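Novice: Sequence and computational prediction follow.
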Number of protein chains: 2
Amino acid sequence: MKNKSNLNINQFLKHISLDCVVFGFHENQLKVLLLRMKKTQEWALPGGFVQEDESMELAANRVLKVRTGLDHIFLNQFHVFSDPERSNINPAVPDVLEFGITFNDADWFNQRFISVGFYALVEFSLVQPKPDLLSDICEWISLDEIGSLMMDHRQILDKALETLRLQLVFQPIGYNLLPEKFTMPELQKLYETILGKELDRRNFQRKILAYNIISKLDEVRQGVPHKAPSLYRFNPENYQKALNEGLGGKW
Amino acid sequence: MKNKSNLNINQFLKHISLDCVVFGFHENQLKVLLLRMKKTQEWALPGGFVQEDESMELAANRVLKVRTGLDHIFLNQFHVFSDPERSNINPAVPDVLEFGITFNDADWFNQRFISVGFYALVEFSLVQPKPDLLSDICEWISLDEIGSLMMDHRQILDKALETLRLQLVFQPIGYNLLPEKFTMPELQKLYETILGKELDRRNFQRKILAYNIISKLDEVRQGVPHKAPSLYRFNPENYQKALNEGLGGKW
DNA sequence: GCAAAAGTGTTGTAGCTACACCCATGG
DNA sequence: CCATGGGTGTAGCTACAACACTTTTGC
């Protein structure tokens, strides 16, 4: 008797999928959560399909809950990818009869899919990456080590980054990507990585502090060479306000 | 013999639709192209379904070509609307057997649809509004005269406006909304309408001119009371550059 | 004590706001 | 000649960039 898939394909909407670009920040590097496909060894973004009774946002949350173990993830849709050629031959289609997938199911997978792109910001240390049925590895890859991806996923990633860059300029992003306590140089490095350029240490500090979205703590980071940097944390009230109203200012 | 619909529903993807918020500017007012549904007399956004072999962008262009007579319209997708309740009972579903629509077709219409929102900027005077099969009127309605709309179309409109506002701040929008020749006060009124606030006449002029995206002509508007305002037109090269690089600056 | 990184201050300038004034036209 | 609206100029302020200097710590 075959191992049976718990996949019931009929509960999903046809033609519609979603892909998530999950960003994390660790060791002063921006990372993205990727899966390696069993069949082709290609790397891919975590994604899935929408059920009959859920919104795209709910579906993205559901998918990411399984992939990361996290609930209530910071999520934003940023673009719909609908080029009819984007998955002319879908390399992710599982082998027939594997995982209990039938001929009919394989046909279903080979349909043309329009995909809604989401980006997510998560705290690196809280994530427990788990591969899905079609992949053998799920792990964080540094942005500068990512090469080509499955299908049009590289294009999706690039668009997510572009969007993140635009958002960063007038919304405080760090809250979701950093641990509760962090140092000013860490926050700066995050900004520099996303923006793709270096910033002046002193001007950065003054600018961030002027927004009143973070508060200095009476602690310093322990066990580092040279002068110990102070720890900060986000100020929830002002942070929420800044999220709604935007920041303004040049970067 | 019944009048036969030219609609072949099987050529369309299931579950996916698109809605367009078409903006035009006329008599110093921002207007939106709306349809009045035959069945319910409700106003609705022009929209449609995606064919098997086209991208969302192509589909939106196709829909708008029929609705306005225009080709190569400036179009941007801005959000996906996927609340499962957004069309619990679809009021736009045509009466069975009307327009040659069969029982099966009616079922098809009553599916749940996820809709991709597009906004379009067009030159008012070039548009020749045409109703579709399900509507009896297609016409421009001033933004401040629009009340509630069919389904969640009001929400879609509001989101489009919000997006337009954000885009306006760092991209030159006017080109697609104004005729070839226009005056400074007209351009200003357009900005004021989109931003929803008044701007200083003199500062506006200096700021716009500083971008070098428009050129003054050796003509003035004829047949107006008081001092005749100069005519301007967009400068294609610098305009394209500004589109790519953004503008920057506060509004 | 020297290198490396954190913390604080200053100064010049571009760009914005908020004005005042002049010009052209119709009644 | 006056009301209305277009066109141009200027003063003050803010926010940013580009700097120099001091402090703390590991080796």
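Specialist: Noted; the coordinates are in hand. Numbering: from 1, shown residues only, chains lettered A, B, ... in the order given.
Novice: can you give me the strands in the stretch 51-200 of chain A?
Specialist: Assigned strands in the stretch 51-200 of chain A, in chain order: A:74-81, A:114-121, A:135-142, A:182-183 (criterion: DSSP state E, counting those that start in this stretch).
Novice: Give me whichever of those strands is most buried.
Specialist: Between the strands of the stretch 51-200 of chain A, the one whose residues have the most neighbours on average, counting mean count of other CB atoms under 10 Å in any protein chain shown, is strand A:114-121 (a mean of 25). In short, each C-beta sits where N, CA and C put it, glycine included.
Novice: Which secondary structure elements does that one sit against?
Specialist: Helices and strands in packing contact with strand A:114-121 are listed as strand A:12-26, helix A:56-68, strand A:74-81, helix A:153-170; criterion 3 or more CB pairs under 8 Å, 6 or more residues apart in numbering or on different chains; DSSP states H and E.
Novice: related to what we said a few turns ago, would you reformat the strands of the stretch 51-200 of chain A as CSV and include distance to DNA strand D and mean pLDDT?
Specialist: Supplementary listing: these in CSV, determined by distance: least, CB to the nearest atom of the strand, whole Å; pLDDT from 0 to 100:
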stretch, distance to DNA strand D, mean pLDDT
strand A:74-81, 24, 97
strand A:114-121, 23, 98
strand A:135-142, 26, 97
strand A:182-183, 14, 96
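Novice: Point out the most buried one among the helices and strands packed on strand A:114-121.
Specialist: Taking mean count of other CB under 10 Å as the contact definition, the stretch among the helices and strands packed on strand A:114-121 with the greatest mean neighbour count is strand A:12-26, which reaches a mean of 23.
Novice: so that one versus helix A:56-68, what angle?
Specialist: Using axes from the mean of the first three to the mean of the last three CA atoms, to 10 degrees, the direction of strand A:12-26 lies 60 degrees away from that of helix A:56-68.
Novice: pLDDT (mean, whole number) over strand A:12-26?
Specialist: The predicted model assigns strand A:12-26 a mean pLDDT of 95.
Novice: What pairs with it, parallel or antiparallel?
Specialist: Each strand that strand A:12-26 pairs with, and the sense of that pairing, follows from DSSP bridges: strand A:29-37 (antiparallel), strand A:47-51 (antiparallel), strand A:114-121 (parallel).
Novice: ok, for the one residue sitting closest to the centre of chain A, nearest residue in space, not its chain neighbours?
Specialist: For chain A, residue A:22 is the residue whose C-alpha lies nearest the centre (CA atoms, centre = their mean; 1.1 Å). Taking CB to CB, 6 or more residues apart in numbering or on different chains as the measure, residue A:22 lies nearest to residue A:33, with 3.9 Å between them; neighbours along the chain are not counted.
Novice: Tell me, what's the model's pLDDT at that neighbour?
Specialist: Note for residue A:33: predicted pLDDT of 98.
Novice: and the gap between the residue in the stretch 51-200 of chain A positioned nearest to DNA strand C and chain B?
Specialist: The shortest separation between the stretch 51-200 of chain A and DNA strand C is 3.4 Å, found at residue A:185 (distances taken as CB to the nearest atom of the strand). Separation of residue A:185 from chain B (CB to the nearest CB, to the nearest Å) stands at 27 Å.
Novice: Check residue A:237 too.
Specialist: Here the distance between residue A:237 and chain B works out to 24 Å (CB to the nearest CB).
Novice: Could you list the residues in contact with the host helix or strand of that residue?
Specialist: Under DSSP states H and E, the secondary-structure element containing residue A:237 is helix A:236-245. Outside helix A:236-245, the residues that touch it by CB atoms under 8 Å, 6 or more residues apart in numbering or on different chains are A:171-172, A:175, A:211-213.
Novice: now with 10 Å?
Specialist: With CB atoms under 10 Å, 6 or more residues apart in numbering or on different chains as the test, helix A:236-245 has contacts from A:170-175, A:211-215, A:234-235, A:248.
Novice: Any of the residues you listed buried? List them.
Specialist: A:170, A:172-175, A:211, A:213-214, A:234-235 (16 or more other CB atoms under 10 Å in any protein chain shown).
Novice: So which of those residues is the closest to residue B:204?
Specialist: If you rank those by distance to residue B:204 using CB to CB, residue A:170 comes first, at 21.5 Å.
Novice: does that closest one really touch residue B:248, like I thought?
Specialist: No: Residue A:170 sits out of contact with residue B:248 when judged by CB atoms under 10 Å, with a separation of 11.7 Å.
Novice: what's near enough to touch residue A:229?
Specialist: Taking CB under 10 Å, 6+ apart as the definition, contacts of residue A:229 comprise A:182-186, A:220-221.
Novice: so what's it scoring on pLDDT?
Specialist: Residue A:229 is given a pLDDT of 95.
Novice: measure the nearest residue to the residue of the stretch 51-200 of chain A closest to DNA strand C once chain neighbours are set aside to chain B for me?
Specialist: Computed as CB to CB, 6+ apart, the closest residue to residue A:185 that is not its neighbour in sequence is residue A:229, at 5.8 Å. With the distance defined as CB to the nearest CB, residue A:229 ends up 32 Å from chain B.
Novice: swap in residue A:207?
Specialist: 15 Å.
Novice: ditto for residue A:48
Specialist: Note on residue A:48: its distance to chain B, by CB to the nearest CB, is 14 Å.
Novice: any chance of the strands of the stretch 51-200 of chain A in JSON lines, plus distance to residue A:159?
Specialist: Compiled in JSON lines, these are given as follows (distance: least, CB to CB, whole Å):
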{"stretch": "strand A:74-81", "distance to residue A:159": "5"}
{"stretch": "strand A:114-121", "distance to residue A:159": "6"}
{"stretch": "strand A:135-142", "distance to residue A:159": "18"}
{"stretch": "strand A:182-183", "distance to residue A:159": "28"}
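Novice: Near residue A:197, how many other residues are there?
Specialist: Here the neighbour count serves as a burial measure; for residue A:197 (other CB atoms under 10 Å in any protein chain shown) it reads 9.
Novice: so it sits right up against residue A:191, yeah?
Specialist: Yes: using CB under 10 Å, residue A:197 makes contact with residue A:191 at a distance of 9.4 Å.
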